[in-house]
Structures are given as C-alpha cells and as structure tokens.
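> only the shape, not the letters, is given here:
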C-alpha cells in the first residue's frame, strides 16, 4: 500500500525511513518526497510502522494523497473561504 506522511521534521522523517528499512521485507520502502515521506508498505508491516510513528509522540498526517496535492487543497480551501487571495 502506498501512503504519504506529512508534518514530520526532517529528523523524524529520517527515523521513519530507517525504521522501515530495518524491517525484514524488501517490499517495504520509504523515502523523502516533496512535502513529506513516501511510504510503501505491506499490510503485514503497516501496523508496525504506524506504531513507530505514534511512538515518536509528534504530530503527523498519514494519507493516500501526495503532500503537494494536500497543500494545494489547503490553499484552495483558504482562497474559497476568502482567508487568502
């Protein structure tokens, strides 16, 4: 399954990437992408990765949308509400 993680610091993003790479499954993969971390994981390891993310005790967003798409939606919503021009 392909997911993206937003709102992590670079340091925490690297911790997640190292954790994913330490899993004994060649199908699990994570890397830095524009605005977050790209995460490809098996259904078996997905809960382990989520538990690791929670153990960092920081805010994060796990989504199926690329971080750039989420950013564009946020800006569009702010414009539609008249908060920004």
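Alright, I've got the coordinates. This structure is a prediction, so every number in the text was calculated from the model and none was measured.
> show me the strands in the protein, by range?
Using DSSP state E, the strands found in the chain span residues 2-6, 29-33, 36-40, 61-63.
> which residues touch the helix-or-strand element of the chain with minimal mean pLDDT?
Within the chain, no helix or strand scores below helix 67-80, which has a mean of 94 by mean pLDDT, DSSP states H and E. Defining contact as Cβ atoms under 8 Å, 6 or more residues apart in numbering, one finds that helix 67-80 is touched by 4, 6, 33, 34, 35, 36, 61, 63, 65, 84, 85. (Each C-beta comes from the backbone N, C-alpha and C, glycine too.)
> which one of those residues has the most neighbours?
Counting neighbours by other Cβ atoms under 10 Å, the top entry in the contacts of helix 67-80 is residue 36, with 23 neighbours.
> so that residue sits right up against residue 13, yeah?
Yes: counting by Cβ atoms under 8 Å, residue 36 touches residue 13, with 7.4 Å between them.
> list residues touching both of these two?
Taking Cβ under 8 Å, 6+ apart as the criterion, residue 36 and residue 13 both touch residue 5.
> so where's the chain shaky on pLDDT?
Nowhere does the chain drop to pLDDT under 70.
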